[in-house]
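Undergrad: Just to be clear, the model below is a prediction. Sequence and coordinates:
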Amino acid sequence: MIRHLPWAVLGALVLTQICYPLADGRVRAALTVLTVLLGYLLSVTHALLSRGPRAALALIGTATLGGFAVEGVGVATGFPFGTYDYSGQLGPKLLGVPLIIPLAWTWMAWPAWLAATRLTASRWGRVALAAAGLAAWDLFLDPQMVAEGYWTWRSPTPALPGVPGIPVGNYLGWLGFAVLLMTALSRAAGRCAATGGDDRVMIVLWLWTYASSVLAHAVFLGMPASAVWGGLGMGTVVIPLIARLVHHVAVPRQCAPAVRVPRARP
């Protein structure tokens with residue numbers, strides 16, 4: 001029964017995200033918080049069930065605690081994301097950081113890492129791909145959250161074409177911290193971070209996040225530019241993963257050796 005828990009949580013998360021464009025105001029903010037809580041539960045639970053306590057603790061230590069630390073530094077100093085402030089719509093704050101924010105880092109760090117493990121056996125290659133995937137997700141996240149007023153930059157220029165309100169330096173800051181996070185995660189979790197376990201639910205989460213984000217930004221949220229930027233950025237990791245998954249499904253069927261039945265001698 002417990003092994004099916006991640007799938008149940010994923011189903012609840014998907015349903016919550018589907019409801020998001022249909023709501024507004026406080027209800028939409030509540031759905032945002034609920035989505036992050038479900039995502040956090042999904043990633044940590046999967047890490048625990050598929051890789052054991054060491055992997056789950058490594059994920060919490062690097063992504064949750066590390067995410068809170070970098071956000072606290074960012075709010076206080078403007079480094080590495082630029083000078084920004086959080087509103088009070090996302091729940092209680094500590095040191096100016098909503099407590100939900102480091103949970104979001106954790107939620108997407110784990111599927112980003114697992115997706116990278118499907119694309120290369122190189123440890124540093126995995127770190128690079130996982131960091132790139134996590135940072136590219138922010139091409140969807142920040143435009144959506146800034147549009148809702150959940151946080152704002154004091155100096156939001158220069159910005160990507162068609163995506164005002166977010167400085168380009170923020171995305172570079174995401175990439176820099178994502179590299180540190182994935183490096184720390186790979187070391188803290190050890191070999192168990194890259195081997196063993198059934199990762200299908202997290203791969204589905206990763207692909208759903210990409211596809212639903214492109215669709216939501218392009219159609220439901222009226223943000224076509226961020227749909228393009230996010231689609232291109234996150235697609236650099238997602239599209240090769242899809243190709244690899246399709247290849248793994250197709251090759252065994254195509255290359256299965258023919259079975260010869262010996263003919264009986266007369």
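TA: Thanks, I have it. On a predicted model such as this, the values are computed, not experimentally measured, just so you know.

Undergrad: Helices of the stretch 101-250 of the chain, residue ranges please.
TA: Assigned by DSSP state H, counting those that start in this stretch, the helices in the stretch 101-250 of the chain fall at 101-117, 123-148, 168-189, 200-215, 224-255.

Undergrad: now those as TSV including mean neighbour count and distance to residue 66?
TA: No exception for glycine: its C-beta is placed from N, CA and C like everyone else's. Below are the helices of the stretch 101-250 of the chain laid out as TSV (neighbours: other CB atoms under 10 Å; distance: least, CB to CB, whole Å):
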stretch	mean neighbour count	distance to residue 66
helix 101-117	25	7
helix 123-148	22	12
helix 168-189	20	6
helix 200-215	19	20
helix 224-255	15	21
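
Undergrad: Which one, of those helices, ends up nearest to residue 87?
TA: Closest to residue 87 of the helices of the stretch 101-250 of the chain, according to CB to CB: helix 123-148, at 8.9 Å.

Undergrad: could you give me the average pLDDT of the closest one?
TA: Regarding helix 123-148, the rounded mean pLDDT is 97.

Undergrad: And for stretch 69-78?
TA: For stretch 69-78, mean pLDDT is 96.

Undergrad: neighbouring contacts of that stretch?
TA: 79-82, 84-86, 94-97, 101-102, 173, 177 (CB atoms under 8 Å, 6 or more residues apart in numbering).

Undergrad: Spatially central, which residue of the chain would that be?
TA: residue 108 (2.6 Å; CA atoms, centre = their mean).

Undergrad: Can you flag which of the contacts of stretch 69-78 belong to strands?
TA: Judged by DSSP state E, the subset of the contacts of stretch 69-78 located in strands is 84-86, 94, 97.

Undergrad: quick one: low-confidence ranges for the chain?
TA: Residues of the chain meeting the criterion pLDDT under 70: 1, 196, 251-266.
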